[in-house]
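>>> Give the three-dimensional model of this entry:
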Amino acid sequence: MDPKQLPSYSSTSAQEDVRPEYTPSRPPSYRTVASTTQPTLPNTRPRNAGPPAGIHAPLISTSRGPLAVAAQYNLYVESGFTGRKSVTFTLPDKRTPAYFVDYRSGRADLLIRRGNSSGPVIGSAKFHHFTSRVDLEYGQQKAEMRKDGAFTRRHVVDMPAGPDKSYYWKGTSDYNSSFFTGGSLKLEGASGTVFVAFARSRGQSKDGQLNILMEGLDEQFLDQIVVSFMAMVEVERRKRKSAAAASGGGGGGA
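Alright, predicted model coming up:
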């Protein structure tokens, strides 16, 4: 087909259900909830495009009031007698799987898949006992995450698919967090742009919500965000567990 004849896509065409060809491996977005008969569309809305008719954009609570986000994932933890077994990311409908994190794959400390437990592997993370460095793999690409100083919670991470050279996972109280939830996280680029906010939950099985704040993110970049995010979550979980054990409070939970 002549490329000039390919259909264009806009927020208007989305409302008329005239949709472009889709990539089956692409992780689903909240748009999937609009119709179970329509193909999966990109994870985040195209820039300057509103949500489809009848679907409200997900919101996150902030210190300045509610904020609409490009995509939102609920995180659910499955634990066993020896600790975490897996984490499942779902769409806002709380049923449709978007990502699956395996803690017991035998291939890495964390193995991250798109979709459910049988989906394609998008990355992995390996931790070390005597250094804060975390070895990451994004498909065939190798990268690392490390503390940005001796006395800081902040970690710097490489994400080759993103527009910036370096990114920083930081603690924050700006997004639906409190002392009781253990604080939340945000991902900033080198220029200070906030791409992602994680609001931690107090529930036993629900770990919180991962919110993509920027529209139009590249699929590969989004996958790398998820991989580095899970690495950061695990760094913080291990730190809490060690602190609880040192204070005589047990293992600190799953």
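>>> The longest helix seen in the chain - what's its average pLDDT?
Longest helix in the chain by number of residues (criterion: DSSP state H): helix 219-246. On average, the pLDDT along helix 219-246 is 89.
>>> cool, and stretch 97-105?
Mean predicted lDDT for stretch 97-105 stands at 95.
>>> Next one: Arg84, what pLDDT does it get?
In this model, Arg84 is scored at 85, pLDDT.
>>> and it, how many neighbours does it have?
Arg84: 19 surrounding residues under other C-beta atoms under 10 Å. Using the backbone N, CA and C atoms, a C-beta is placed for each residue, glycine as well.
>>> in its sheet, what does the helix or strand where it lies sit against?
Here Arg84, judged by DSSP states H and E, is contained in strand 83-90. Strand pairing for strand 83-90, determined by DSSP bridges: strand 71-80 (antiparallel), strand 97-102 (antiparallel).
>>> Buried ones in it, by neighbour count?
Arg84, Ser86, Val87, Thr88, Phe89, Thr90 (16 or more other C-beta atoms under 10 Å).
>>> Likewise for stretch 142-159?
Applying 16+ other C-beta under 10 Å to stretch 142-159 flags Ala143, Met145, Lys147, Asp148, Arg153, His155, Val157, Asp158, Met159 as buried.
>>> Taking these together, which two end up most distant?
By the measure C-beta to C-beta, Ala143 and Arg153 form the most distant pair in the buried residues of stretch 142-159, at 20.1 Å.
>>> Turn the strands paired with strand 83-90 into JSON lines, including distance to Leu210 and mean neighbour count.
Shown next, in JSON lines, are the strands paired with strand 83-90 (distance: least, C-beta to C-beta, whole Å; neighbours: other C-beta atoms under 10 Å):
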{"stretch": "strand 71-80", "distance to Leu210": "5", "mean neighbour count": "20"}
{"stretch": "strand 97-102", "distance to Leu210": "9", "mean neighbour count": "23"}
